[in-house]
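Engineer: Next one to model:
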Amino acid sequence: MKESLRFRLLEAQLALAREASRSVVLVVTGQAATGKSALVNELNHRLENRLTEVHALAPSSEERARPYWWRYWRRLPARGRVGVFIHGWYGDALFARAERRMGEGAFRDRLAEIRAFEAELAAEGVALVKLWLDIDRDEQGRHLEALQRDPERAWQVKEHDWQRHLQHAELARLGEAMRGATEAEHAPWQRLAGGPGQAPAKAVAQRLVEAMVGARPRIEAPPPLTLPGGSQPPRLATRAAPAPPPLDKADYRRRLAEAQARLAGNAREAQRRDIPVVLAFEGQDAAGKGGCIHRLTSALDARQYRVHRIGAPSDEERAHPWAWRFWRRLPLDGRVAIFDRSWYGRVLVERVEGLAAPADWRRAYDEIRRFEARLLAHGAVLGKLFLAVDKDEQLRRFHARAETPHKRHKLTEEDWRNRERWDDYCRAIDEMFVHTHGVDGGWALIDANDKRRARLAVLERVNRLLEARLAR
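Structural biologist: Model prediction:
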């Protein structure tokens, strides 16, 4: 690599770090014995390696116990950094299909997932560089034999290299189909010759410089993901009328104990079967989400669940695509993750308060549907619960909080500001229901004007979801 190009590469990377407006992801895949590791080593030597992260993944038991895409979301580089993936999500699909561990239909579905994943990254300021290294089959065989004869380099040849040599034609065919299905203006492929005597580092370095300093490409959105038909989405205006009479305290305690005992048994069985549970709580301010979550967790083993209270993103979270902070919090199989507010903030508070651009929150509906579809495909139980109070009841609770010393911290200026935009929030909530209500991932709209009935309704909903999953 020429010194001038080396200087431009380093200069571009340092400017990338200073501006921190985008990150760069390089994926290197292709045929065996093409020098992928040597290429990455050379690039890493030329880059500022404190700002570069290299990943060559063999999935761990922890990664297999979470939805497939978790392993990649959690490793995405922050803005200002470069992430390098050897094979990455392309190698997973390519080799699984070549080895018949993945059917043709599943392969096509995975390529569609990849296209959607990369479009989401590009929309969030990730510049994608995708490299396919090619080699002639005969040349590949000679190179593998030469490596194996050399005592100092024989360790580089693994059994799977010979297997992929035998599959050269099939990998070439699948690679062509894969590149065609995932080629996009925001995620173009570059195909280069690899193997002995080839020097692709110069071309790759040039492409990296362009990704670091170039204009953001137009994002080509994947086809929208449609939800299966099912029940009609709820609406705030039709949740429950007239209100039932308040529950007697003794009756409430009896029913609460019964529901919690039922939940404890269901949760133990879900844990035994390694079924993950993800619960998302949304609701108007003072609707009682915390109280419902407390009654829920009282029935669970504290070692098996975690409550995530989602507020304004941290500096670290703002440096990543918006969905990153939700992907990284997904539970292991057999565990429970409870989100006190969730990814729906994108289409609620961020929309209403102007914290997300209209293009971003409108795009988020489809991104949320895909996120939840991947949870369900992994076998997770997904519960989405919206606790609703009317405007008069919210005001009464605000005043009660203001007058109760140990509850005053719950009432903030932001709560009063949100109340002033009550109608805007109601419109956003109903639109959220329309766009994200489905069969398995459907919304439960809980009338929370009566706290006791709301807590029992939440327990009943979660129990039914678990029992439906356990009955399969």
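Engineer: When you work out contacts or count neighbours from here on, use the C-alpha atoms and nothing else.
Structural biologist: Will do.
Engineer: Remind me what the helix or strand of the chain with the lowest mean pLDDT packs against, helices and strands.
Structural biologist: Lowest on mean pLDDT, DSSP states H and E among the helices and strands of the chain sits helix 413-420, with a mean of 84. Packing partners of helix 413-420 (3 or more Cα pairs under 8 Å, 6 or more residues apart in numbering; DSSP states H and E): none among the helices and strands.
Engineer: What separation is there between Val25 and Val277?
Structural biologist: Distance, Val25 to Val277, by Cα to Cα, to the nearest Å: 31 Å.
Engineer: These two: which is more packed in?
Structural biologist: Ranked by neighbour count (other Cα atoms under 10 Å), Val25 and Val277 place Val277 first, with 28 against 23.
Engineer: The more buried one touches His378, doesn't it?
Structural biologist: No. Counting by Cα atoms under 8 Å, His378 is not a contact partner of Val277; they are 10.8 Å apart.
Engineer: Can you show me the strands along the chain?
Structural biologist: 23-30, 52-55, 82-86, 126-134, 189-193, 277-283, 305-309, 336-340, 381-388, 443-447 (DSSP state E).
Engineer: Include distance to Glu467 when you put the ones you listed into JSON lines, please.
Structural biologist: Shown next, in JSON lines, are the strands of the chain (distance: least, Cα to Cα, whole Å):
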{"stretch": "strand 23-30", "distance to Glu467": "42"}
{"stretch": "strand 52-55", "distance to Glu467": "39"}
{"stretch": "strand 82-86", "distance to Glu467": "40"}
{"stretch": "strand 126-134", "distance to Glu467": "41"}
{"stretch": "strand 189-193", "distance to Glu467": "46"}
{"stretch": "strand 277-283", "distance to Glu467": "12"}
{"stretch": "strand 305-309", "distance to Glu467": "18"}
{"stretch": "strand 336-340", "distance to Glu467": "15"}
{"stretch": "strand 381-388", "distance to Glu467": "10"}
{"stretch": "strand 443-447", "distance to Glu467": "16"}
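Engineer: Kindly report the domain assignment for the chain.
Structural biologist: Following automatic domain parsing, the chain resolves into domains at 3-213, 240-470.
Engineer: export those domains to CSV and tack on distance to Pro233?
Structural biologist: Below are those laid out as CSV (distance: least, Cα to Cα, whole Å):
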stretch, distance to Pro233
domain 3-213, 25
domain 240-470, 6
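Engineer: And those: which comes nearest Pro222?
Structural biologist: Among the domains of the chain, the nearest to Pro222 by Cα to Cα is domain 3-213 (5.4 Å).
Engineer: Ends of the closest one, what's the gap?
Structural biologist: Start-to-end, domain 3-213 (Cα to Cα) is 19 Å.
Engineer: Please compute how far that domain lies from its chain's middle.
Structural biologist: 20 Å (Cα atoms, centre = their mean, to the nearest Å).
Engineer: Where does pLDDT dip in the chain?
Structural biologist: 1, 226-230, 237-241, 439, 441 (pLDDT under 70).
Engineer: rewinding a little: which one of the strands of the chain lies closest to Trp361?
Structural biologist: Going by Cα to Cα, the one of the strands of the chain nearest Trp361 is strand 277-283, 16.8 Å.
Engineer: Can you list the strands that that closest one pairs with?
Structural biologist: Under the criterion DSSP bridges, strand 277-283 sits next to strand 336-340 (parallel), strand 381-388 (parallel) in its sheet.
Engineer: Check what contacts the shortest one and list those residues.
Structural biologist: Outside strand 336-340, the residues that touch it by Cα atoms under 8 Å, 6 or more residues apart in numbering are 276-282, 289-290, 304-310, 329-331.
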